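A.B. asks: Here is the input, now give the coordinates:
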Amino acid sequence: MGVNKERMLAGEWYIADDEELGADTRRREELCRAFNSATGPEQRGIVLRDLLGSVGDQVRVRPPFQCDYGTYITIGPRTFVNFNAVFLDAAPITIGADVQIGPNVQLLTPTHELDPDRRRAGWERALPITIGDNVWLGGGAIVCPGVTIGANTVVGAGSVVTKDLPPSVLAVGNPARVLRPLPPPSEA
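C.D. replies: Numbering: from 1, shown residues only. Here you go, the predicted model:
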């Protein structure tokens, strides 16, 4: 493994314009193209399992779908991802079971240098995103690098999640703020 990929996976500063990462990107481009042009859910499911690191049973992802690498994304069983999802997985993105992800949701692990010279030189780093079980991310929500969203939490449409959210809350806004707690899930 090359130094930039090693740094990326360790959450350290790295240069993304790298031959090895470029090969990973080309792999992702081909698989995303195949997924987005597939004619039915069965064919899409086969491609999705090749593209992503792990896909649980009964996962549904509607095209178009885009990601950085794919291999660092884990999606738990019975999760639904609506149209136009963008998951930038330069760090792991872990999505729990029974998650509902609205259209145009972005999960963004990369962050860039504040120093303009280092930013211009291409330095970036990525921090993992974790979405707990039974979370609902409303349409157009953006989850920023390093954020964990607790189980059973609902994030309102258009919200920008910049900090961790606890389990079982309703959060909305930019930046997302907890409005109120939600009742615990019933035992079915």
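A.B. asks: neighbours around the nearest residue to residue 160 once chain neighbours are set aside, how many?
C.D. replies: Spatially, and ignoring its direct neighbours in sequence, residue 160 is nearest to residue 174 (4.3 Å; Cβ to Cβ, 6 or more residues apart in numbering). Quick note: C-beta positions are derived from backbone N, CA and C, even for glycine. Number of residues near residue 174 (other Cβ atoms under 10 Å) recorded here: 11.
A.B. asks: Could you do residue 49 as well?
C.D. replies: Around residue 49 there are 12 residues (other Cβ under 10 Å).
A.B. asks: isn't there a strand covering it?
C.D. replies: No - counting by DSSP: H, G, I helix; E, B strand; the rest coil, residue 49 is located in no strand; its state is helix.
A.B. asks: Let the chain start at 35 from now.
C.D. replies: Yes, from this point I'll number from 35; that puts the last item at residue 83.
A.B. asks: Distance check, it against residue 167.
C.D. replies: 21 Å (Cβ to Cβ, to the nearest Å).
A.B. asks: likewise residue 213?
C.D. replies: Where residue 167 is concerned, residue 213 sits at a distance of 21 Å (Cβ to Cβ).
A.B. asks: between those two, which one's more packed in?
C.D. replies: residue 167 (18 against 13).
A.B. asks: Excluding chain neighbours, what is closest to the more buried one?
C.D. replies: In space, residue 167 is closest to residue 130, 3.7 Å off (Cβ to Cβ, 6+ apart).
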